[in-house]
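**Q** would you be able to build a 3D model of this:
(one chain, ligands or ions: 2)
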Amino acid sequence: MSQLADPQSHAAHPDHQHPGPTHSGQQQPDSANPEAAPTAATVARGLASLRASAPLVHCITNGVVMNFTANALLALGAAPAMVDIVGEAGLFTRVANGLLVNLGTPAPEQREAMRESVAAANDAGTPWVLDPVAIGSLPIRTGLAHELVAEGPSAVRGNPSEILALAGTGAGGRGVESTDSAASALGAAVALARRFDTVMAVSGAEDCITDGRRVVWVEGGDELLTKVTGGGCALGAIVAAFLGSRGDASVLDAVVAAHAVYAAAAERAAADAAGPGSFAVALLDALATISPAEVASSARIRAEYAGDAGKDAVVGDAADAMDASGTASGVDSSRAADDRPANDPDRVAEPAGGVA
Ligand SMILES: Nc1ncnc2c1ncn2[C@@H]1O[C@H](COP(=O)(O)OP(=O)(O)OP(=O)(O)O)[C@@H](O)[C@H]1O
Ligand SMILES: Cc1ncsc1CCO
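**A** Numbering: from 1, shown residues only. Ligands and ions are numbered 1, 2, ... in the order given. Alright, predicted model coming up:
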C-alpha cells in the first residue's frame, strides 16, 4: 500500500500506550490510520481538542524552568501541576492526563519520584514525555535517561546533542545547549524511535519528529527561544499536554501539533519583541491567543518516509534489536512511495528521498 489515507477519516481506536519497551524492535501502529501524515489540519484539530479538554499535565521538571513551564501550559489552555515528591508523584500521575519527566536538575528524591511516576504512567496508561536535558558527559542523568527511555515513553523531546547522546553516538552538548543540528541527529532519532517504539522530537532551527517510519519537519519558531531559559523545557510540557488531549489522533500527530503550535506562537511573539524579556512575555500571550484557524494557515510542515535514515545509527545496547542492515526488525522501511499527486498536502515524499 502506498497511498496515504485521509487523516480526516480517523476511526475510533484504542489509545496508543506503551506498556513497556519493545525489545524486539517491533512497532505497533499508533493510530487507526497509521498511513496518514500530520498536516496543518491535524495541528489545528489538536489545538482545538486541547482547548476543549484543558488537560491536567503533571510535570516533574527542573527548578530553573518550573515557573515558565507552568505559565506556558496555563497560557495555552492546559492545567499544570509540579508534583515531584516520593509518595505523591505516582498517585498524581494516575489522575493526570499527561506526564513530563525532565532531567534538568535531577536531585536524588526527584529521581525516585520520576521512577514512581513512570511506573504509574505505564500502569495507568498516562502518556508521558522524556526530556533528557544535558545528557552526554554528565553521568547520573545520562544513566537515568537510558534507564527511563527503556521504560517506553510515548515521546522523547530533546535538542540534537541530547538525542545523539541518548543513541550513544554523541558526547552531549555544551551544558544544556546543543552543539549539533537537528539534521545531524536524524539517524539517531529514527533508530531510537524504532528501538523503543516511541516518537522522537528533535528541536532546532527546524524541528524533526519521527516515529521511526515517517519523518516530519516543522519550520518556524525563532532564535529568541534559545535566549530564554526553558524554551525547550516548556515545549516538552506542551507535548505532554497535546498527548493528554489527543482523543483518537496518533502520538505522531499530537507531537507534531505541539511543535507546530509552539513554533507559530514563537514567530508571532518574536515579531513584537524587543529582546528576550519582552519575547518571553509575548510568547505567553501568543500561546493564549493563537487560534486553530491561525495555525491551520501558518503551520509549515513536511513529511517524508524515514527509509534507511536510522541504519548507521548505533543505539546503545540496541544492536540485538537490529538486523544486519541496521533496520529494526519488523519495521518495513522499504515501502513504496506515496502515489498521490505531488501537490497533495497529505502526500509523503519518496522513501529516504530527502533524508540523506
Ligand atoms: N535557530 C532557531 N530558530 C528558530 N527556532 C529555534 C531555533 N533554535 C531553537 N529553536 C526552537 O527553540 C525551542 C527550543 O529548542 P532548543 O533546541 O533550544 O531546546 P533545548 O536546548 O532543549 O532548550 P532548553 O533551553 O529548554 O534546554 C524549539 O521550539 C525550537 O524549535
Ligand atoms: C539552565 C539549566 N540548567 C539545568 S536545567 C536548565 C534549564 C534549561 O534547560
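**Q** hmm, stretch 201-210 touching ligand 2?
**A** No - Stretch 201-210 lies apart from ligand 2 when judged by C-beta under 6 Å from any ligand atom; the minimum separation is 11.4 Å. For the C-beta atoms, the positions are set from N, CA and C on the backbone; glycine is no exception.
**Q** average pLDDT for that stretch?
**A** In this model, stretch 201-210 carries a mean pLDDT of 97.
**Q** now for the closest residue to ligand 2 within the chain: which residues touch it?
**A** Distances between the chain and ligand 2 by C-beta to the nearest ligand atom are smallest at G104, namely 2.9 Å. By C-beta atoms under 8 Å, 6 or more residues apart in numbering, the contact list for G104 reads T61, N62, G63, V64, V65, D131, V133, A134, V176, C233.
**Q** distance of the nearest residue to the fifth one once chain neighbours are set aside from D248?
**A** Computed as C-beta to C-beta, 6 or more residues apart in numbering, the closest residue to V65 that is not its neighbour in sequence is G230, at 3.1 Å. Relative to D248, G230 is positioned 31 Å away (C-beta to C-beta, to the nearest Å).
**Q** so for these two, which residue has more residues nearby?
**A** Legend: neighbour count by other C-beta atoms under 10 Å for G230 and D248, higher for G230 (24 against 16).
**Q** thought the more buried one was touching G63?
**A** No - using C-beta atoms under 8 Å, G230 is not in contact with G63, being 10.6 Å away.
**Q** which residues of this structure lie near ligand 2?
**A** N62, V64, V65, G104, T105, V133, V176, T229, G230, C233.
**Q** for the residue in the stretch 1-150 of the chain positioned nearest to ligand 1, give me its contacts.
**A** With C-beta to the nearest ligand atom as the measure, V133 is the residue of the stretch 1-150 of the chain nearest to ligand 1, at 5.6 Å. Residues near V133 by C-beta under 8 Å, 6+ apart: N62, N102, L103, G104, R141, G158, E162, V176, C233.
**Q** rerun that using 7 Å as the cut-off
**A** Applying C-beta atoms under 7 Å, 6 or more residues apart in numbering, we find V133 in contact with N62, N102, L103, G104, E162, V176, C233.
**Q** who are the contact partners of D222?
**A** Shown in contact with D222 (C-beta under 7 Å, 6+ apart): A266, E267, A270.
**Q** one more pass at 8 Å, please.
**A** Neighbours of D222 in contact, by C-beta under 8 Å, 6+ apart: A266, E267, A269, A270, F279.
**Q** let me know the closest of those to ligand 1.
**A** A266 (6.5 Å).
**Q** I'd say that closest one and L284 touch.
**A** No - counting by C-beta under 8 Å, A266 stays clear of L284, with 11.1 Å between them.
**Q** more neighbours: which of the two?
**A** A266 (25 against 18).
**Q** now the more buried one: which helix or strand?
**A** helix 251-272 (DSSP states H and E).
**Q** quick check, that helix touching ligand 1?
**A** Yes - interface with ligand 1: helix 251-272 contributes Y262, A263 (C-beta under 6 Å from any ligand atom).
**Q** go through that helix and flag the buried ones.
**A** For helix 251-272, the neighbour count (16 or more other C-beta atoms under 10 Å) marks 251-270 as buried.
**Q** got a list of what the residue nearest to V65 touches?
**A** Contacts of G230 (C-beta under 8 Å, 6+ apart): V64, V65, F68, T69.
**Q** drop anything exposed from the residues you listed.
**A** V64, V65, F68, T69.
**Q** list the contacts of the residue lying closest to the first one once chain neighbours are set aside.
**A** It stands for V64. With C-beta to C-beta, 6+ apart as the criterion, V64 has its nearest non-adjacent residue at 5.6 Å, and that residue is T229. Going by C-beta under 8 Å, 6+ apart, T229 touches V64, V65, F68.
**Q** export these as CSV, with columns for pLDDT and secondary structure.
**A** Below are those laid out as CSV (pLDDT from 0 to 100; DSSP: H, G, I helix; E, B strand; the rest coil):
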residue, pLDDT, secondary structure
V64, 98, coil
V65, 98, coil
F68, 98, helix
